[in-house]
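Undergrad: Dropping a prediction and its sequence here:
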Amino acid sequence: MKFESILDKVRKLSEKVDVSGTDFLAVQVNLTDCDPGVFYVEVKDHKISVEPYDYHDRSCAITMKSDDFNKLISGKLDPVLAFTVGKLKVDGDIGKALEFSNLLK
């Protein structure tokens, strides 16, 4: 799946997400098979942003292949299973990565 398609899909999903219970969350997503393959999702002041940039003060970064990420945001891949079998790598706060995956559901 192409990077722009994934970014558009995440933006559309973000419009439907209830972030009223989230104070701050910043997750950088690194897609290993896209160039460029980096974007971030930020929840701040109860608003969500999705932008195609590095996020240096992030809560965590997740790294995975674009097909696996698409399965993750489509609900076809369990994030805990993906982490356990090595399809998803987390750099930083694993709890924030789980919070991010819960927002996507």
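TA: Thanks, I have it.

Undergrad: Checking the residue sitting nearest the centre point of the chain next. Helix, strand or coil?
TA: With distances taken as Cα atoms, centre = their mean, residue 29 lies nearest the centre of the chain, 5.2 Å away. Using DSSP: H, G, I helix; E, B strand; the rest coil, the structure places residue 29 in strand.

Undergrad: how much space between it and residue 73?
TA: Distance, residue 29 to residue 73, using Cβ to Cβ, to the nearest Å: 10 Å. Any C-beta I mention is one placed from the backbone N, CA and C, and that applies to glycine too.

Undergrad: host element of residue 77?
TA: Using DSSP states H and E, residue 77 is not contained in any helix or strand.

Undergrad: residues contacting it?
TA: 68, 71, 87 (Cβ atoms under 8 Å, 6 or more residues apart in numbering).

Undergrad: Now the phi/psi pair for it, please.
TA: Phi and psi for residue 77, reported as degrees, to the nearest 10, are phi -130, psi 120.
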